[in-house]
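Q: here are the coordinates; sequence isn't available:
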């Protein structure tokens, strides 16, 4: 689906899920078409991680080992919602195979732009709204574009045992087969 069409879907999503009435004003810059990067993620100006977490919890179980105040708990982000913006990512349920066994530090050294926690949470909610399903069933998305005040990096996945999305964190030098950043192209 073309990025402009996906932007239209996000207008409906923000209206139906968040109750925003001014979705016609949503007009962020779209990234350049990039082969293999077909999923658009749209972040509304002023959107907070706490607001997304609140809405997610009305739709499905969410466990946050970072706490309920994600905005304070994860204050460092490569991109913030000080304006409408977009990123595109690979169109996959599981985080990027190409980035397995790479820590957030290694992702940064390789100059791979990774998702922020806000972007990953919006993606989860959007994907659930569209499909009724969840992301990262077998692996987790390392949100390498975000950090807590001590440098720890959040990650998000699905916990099949507890039946919910979970938000946790790891050290910036942690790597594993199932800990994978999603590369992002910024609009």
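A: It's in. Since the structure is predicted, the reported quantities are computational estimates derived from the model, not experimental observations. Residues are numbered from 1 along each chain as shown.

Q: quick one: which helix or strand includes residue 12?
A: Secondary structure assignment for residue 12, by DSSP states H and E: helix 3-18.

Q: contacts for whichever helix or strand comes after that helix?
A: Elements were assigned by DSSP H and E; along the chain past helix 3-18, the next helix or strand is strand 37-43. Strand 37-43 is contacted by residues 1, 3, 6-7, 10, 14, 26, 28, 30-31, 79, 81, 84-91, 115, 118-119, 122-123, 126, 183-185 when judged by CB atoms under 8 Å, 6 or more residues apart in numbering. Backbone N, C-alpha and C define where each C-beta goes, glycine included.

Q: mind running it again at 6 Å?
A: 3, 6, 10, 81, 85-91, 119, 122-123, 185 (CB atoms under 6 Å, 6 or more residues apart in numbering).

Q: One more: stretch 163-175?
A: Under CB under 6 Å, 6+ apart, the answer for stretch 163-175 is 61-66, 101-105, 151-156, 159.

Q: Turn the buried ones among the residues you listed into a named PyMOL selection, would you?
A: Buried members of these, defined by 16 or more other CB atoms under 10 Å, are picked up in PyMOL with:
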select buried, resi 62+64+66+102+103+104+105+152+153+154+155+156+159
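
Q: And the pLDDT for residue 80?
A: At residue 80, the model reports a pLDDT of 96.

Q: what do you get for residue 162?
A: For residue 162, pLDDT reads 91.

Q: any idea which element the residue lying closest to it once chain neighbours are set aside lies in?
A: Beyond its immediate neighbours in the sequence, the residue positioned closest to residue 162 (CB to CB, 6 or more residues apart in numbering) is residue 63, lying 6.5 Å away. Following DSSP H and E, one finds residue 63 within strand 62-64.

Q: Quickly find the element holding the residue most central in space within the chain.
A: Within the chain, the residue whose C-alpha comes closest to the C-alpha centroid is residue 120; the distance, by CA atoms, centre = their mean, is 1.0 Å. For residue 120, the host element (DSSP H and E) is helix 117-131.
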